[in-house]
Structures are given as C-alpha cells and as structure tokens.
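Colleague: Quick check, what structure comes out for this input:
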Amino acid sequence: MFEPVHGSAPDILGKGIANPIGQIWTAKLMLDQFGETELGTHLLNSIEKVTSKGILTPDLGGSHSTEEVTSEIIAAMLNK
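Modeller: Numbering: from 1, shown residues only. Take a look at the predicted model:
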C-alpha cells in the first residue's frame, strides 16, 4: 500500500542517482495511516529541510547521490 508508483528505471541501475524521496515519503503516508502523525510530520519536515539546502539528486537539478540524500534525511530525522 505504501510505495511510490513508477518504473524500475533500468537505465540508472547501479549509478547511485535514483531519487529516494518518493520512497521515503511513502513512510510518512504509512505513519499517518497508522496514527503516528507527529512522526510523519517530522519525517516530512526532514525531507523539506534537506531539499531546501539543495541536497538533491540529478533529476531535481542536484549533484548528490541516492545515498547522500538518504543519509542527509536520516541525519535530519535524528537532528544531527
């Protein structure tokens, strides 16, 4: 129920440039559905904090890797 709907993007497989935000955002939707709206809001705020700093994958005009974007969102969640 909680997954982004898009293709498998075999053309970027293994390049580390896939945008992880859609997948991470689905966790926010799941948290909201399960009544964990405060945690869901915290997750969305963390995504917004990271993207507002320009930490983006190439598809959004950035130069960061999938792993870098994911790590920054995790760090924001942990308030690092």
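
Colleague: Who's the closest spatial neighbour of the most centrally placed residue in the chain, skipping the chain neighbours?
Modeller: In the chain, the residue lying closest to the centroid (Cα atoms, centre = their mean) is residue 21, at 2.4 Å. If the residues on either side of it in the chain are set aside, residue 21 comes closest to residue 47, at 6.1 Å by Cβ to Cβ, 6 or more residues apart in numbering. Just so you know, the C-beta spots here come from the backbone N, C-alpha and C atoms, and that holds for glycine as well.

Colleague: burial count for the one you found?
Modeller: The tally of other residues near residue 47 (other Cβ atoms under 10 Å) stands at 20.

Colleague: check contacts around it.
Modeller: Applying Cβ atoms under 8 Å, 6 or more residues apart in numbering to residue 47 gives the contacts 21, 24-25, 28, 73, 76.

Colleague: Tabulate the residues you listed in CSV, adding columns for secondary structure and distance to residue 65.
Modeller: Putting those into CSV (DSSP: H, G, I helix; E, B strand; the rest coil; distance: Cβ to Cβ, whole Å) gives the following:
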residue, secondary structure, distance to residue 65
21, helix, 13
24, helix, 15
25, helix, 18
28, helix, 22
73, helix, 13
76, helix, 17
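
Colleague: Give me the below-cutoff pLDDT ranges for this protein.
Modeller: Within the chain, the ranges that satisfy pLDDT under 70 run 80.
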